[in-house]
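S.K.: Let me see the structure of the following:
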Amino acid sequence: MPSPAASTASFRNLLRRFGRNRRGSAAVEFAVIAPVFFGLLFAIIETAIIFFAGQVLETITQSSARYVMTGQAQNANFQASDFKTYLCNQIPAAMFTCANLSVDVQSYTTFSSATPCYAGGNFVNNMQYNPGIQGSVVRVCVYYPWPQIVTGLGYNITNYAGNTRLLVAAAAFKNEPY
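M.R.: Model prediction:
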């Protein structure tokens, strides 16, 4: 039977050999760093996609608002559903779901009387459609709740219920004579 001193010496010898052996160190270091690296990478990608989706929504809103500003929607007797369909026809199908889109068109007498689309806080789904007449000030707001995937690791840019970010696009203009 080996003495306790011999087993202690062999254990120290084993620790020394383990400390000098570098064959698996890269795999261990990668296993430690990989979750943080991939979490950061996915958060960057998701943020870029959200900003891109916001820009697409802004472009679609501006284009659709022009249809109201020039009087084409009023002359065609558009209703709320018609305007939403017109807006949805411009949306890239792979990016947005038209059923989740909310459109609010309000008419005002002056720019100073117009209310903001979404000033933070609670989103009230009280959508209206009033494109106004010639010379009226119109505000078009388009809302889309964008689902978020990467909300852990301290990264959370949601501002709406259910792990979503409410994308808001707006256009304010004065209707042209038509």
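
S.K.: The residue most central in space within the chain and Val56, how far apart?
M.R.: Nearest to the geometric centre of the chain sits Ile50, at 3.7 Å (Cα atoms, centre = their mean). As judged by Cβ to Cβ, to the nearest Å, Ile50 and Val56 stand 11 Å apart. Every C-beta, even on glycine, is put in place using the N, C-alpha and C of the backbone.

S.K.: what's the answer for Ala93, then?
M.R.: For Ala93 relative to Val56 (Cβ to Cβ), the value is 12 Å.

S.K.: Those two - which one has more neighbours?
M.R.: A side-by-side neighbour count of Ala93 and Val56, using other Cβ atoms under 10 Å, places Val56 first with 18 against 8.

S.K.: My read is that that one contacts Pro92, right?
M.R.: Yes - using Cβ atoms under 8 Å, Val56 is in contact with Pro92, at 6.8 Å.

S.K.: what about Ala80, how many neighbours?
M.R.: Counted with other Cβ under 10 Å, Ala80 comes out at 15.

S.K.: roughly how far apart are it and Met127?
M.R.: Ala80 sits 7 Å away from Met127, going by Cβ to Cβ.

S.K.: Many thanks, we can stop here.
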